[in-house]
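Peer 1: This is a predicted model, with the sequence first.
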Amino acid sequence: MVAFSQFFENEHGESLDEQSLTPTQLLENMNLMIASNTSTECQINYAGALLFAKKPQIKLPVFSIKTVAFYGTDINDDQYIDSRDIAGKLSEMFAQALSFCMMNIRYLQNDRGFNSIGEPEIPKIVFEDLIANALIHRDYFVSAPIRLLVFSDRVEIISPGHLPNNLTIENIKMGNSNIRNPILASFASKLLPYRGLGSGILRAYKAYPDIELINDRQNNLFKAVIKRKIIQVS
């Protein structure tokens, strides 16, 4: 597993070949493999697959991101600007989803010169934190992909699974968290811009307050709605 080998060497400064344990034993010790019910061999679990497998969606097809950028404000529009099915390791899905967002929002000149690169209407850090939050904290027992929808007036990031236990929107706005996928979260902090301290939502709000969070228990999903700036055309 090339990705795990690279990760291990970056973290520990030694290659897998230098270890007294086999790669399988190391993965077991890191809780990234589980005993199989049908054989004596261990199998990589969903956290290990999402973090280090080359193509995790071969066995976990719904652990992906569906993205669409619409011209208007209605999800039922027949025409759209861009659409992608994003797959790969967790870090690859994060990078592709972030790129999709940054490519499908406006860039504003503000007080910059005409030939200068404009500023994104929504700061990049907002997408970084909310996409990382969706990938790490979604409910992986729900057979549905994350949805990332860009409309003319908003961006929606929809994660399978409502907030766990008694956690509320007010709790997470105060920096409280209840980690649903602790193994995934512990490794993701070394692979993504994610600290695991409940600070991601706070950081997003600080950079761009016009965000609405919706904990939909009836439909078993969590939604972040980022309002887009209205551009006045003179």
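Peer 2: Great, that's in hand.
Peer 1: now do the same end-to-end measure for stretch 28-45.
Peer 2: Its start and end residues considered, stretch 28-45 measures 10 Å (CA to CA, to the nearest Å).
Peer 1: Please apply the same query to stretch 148-159.
Peer 2: Using CA to CA, the two ends of stretch 148-159 sit 9 Å apart.
Peer 1: same question for it, mean pLDDT?
Peer 2: Taken as a whole, stretch 148-159 has a mean pLDDT of 98.
Peer 1: For it, buried residues please.
Peer 2: By 16 or more other CB atoms under 10 Å, the buried positions in stretch 148-159 come out as 148-152, 155-159. Every residue, glycine included, has its C-beta placed from N, CA and C.
Peer 1: Stretch 1-15 now?
Peer 2: For stretch 1-15, by 16+ other CB under 10 Å, it's 1, 4, 7-8.
Peer 1: List of residues touching that stretch?
Peer 2: By CB atoms under 8 Å, 6 or more residues apart in numbering, the surrounding residues in contact with stretch 1-15 are 16, 23, 26-27, 48, 51-54, 89, 190-191.
Peer 1: can you pull the alpha-carbon coordinates of it into PDB?
Peer 2: Extracted C-alpha coordinates of stretch 1-15, given in PDB (Å, rounded to 0.1, in the frame of the first residue of the first chain):
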ATOM      1  CA  MET A   1       0.000   0.000   0.000                       C
ATOM      2  CA  VAL A   2       2.100   2.900  -1.300                       C
ATOM      3  CA  ALA A   3       0.100   5.700   0.400                       C
ATOM      4  CA  PHE A   4       0.500   4.100   3.800                       C
ATOM      5  CA  SER A   5       4.200   3.500   3.200                       C
ATOM      6  CA  GLN A   6       4.700   7.200   2.400                       C
ATOM      7  CA  PHE A   7       2.600   8.300   5.300                       C
ATOM      8  CA  PHE A   8       4.500   6.100   7.800                       C
ATOM      9  CA  GLU A   9       7.800   7.300   6.600                       C
ATOM     10  CA  ASN A  10       6.800  11.000   6.700                       C
ATOM     11  CA  GLU A  11       5.400  10.500  10.300                       C
ATOM     12  CA  HIS A  12       8.200   8.400  11.700                       C
ATOM     13  CA  GLY A  13      11.200   9.100   9.600                       C
ATOM     14  CA  GLU A  14      11.700   5.400   8.900                       C
ATOM     15  CA  SER A  15      10.500   3.100   6.100                       C
END
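Peer 1: Perfect, that will be all.
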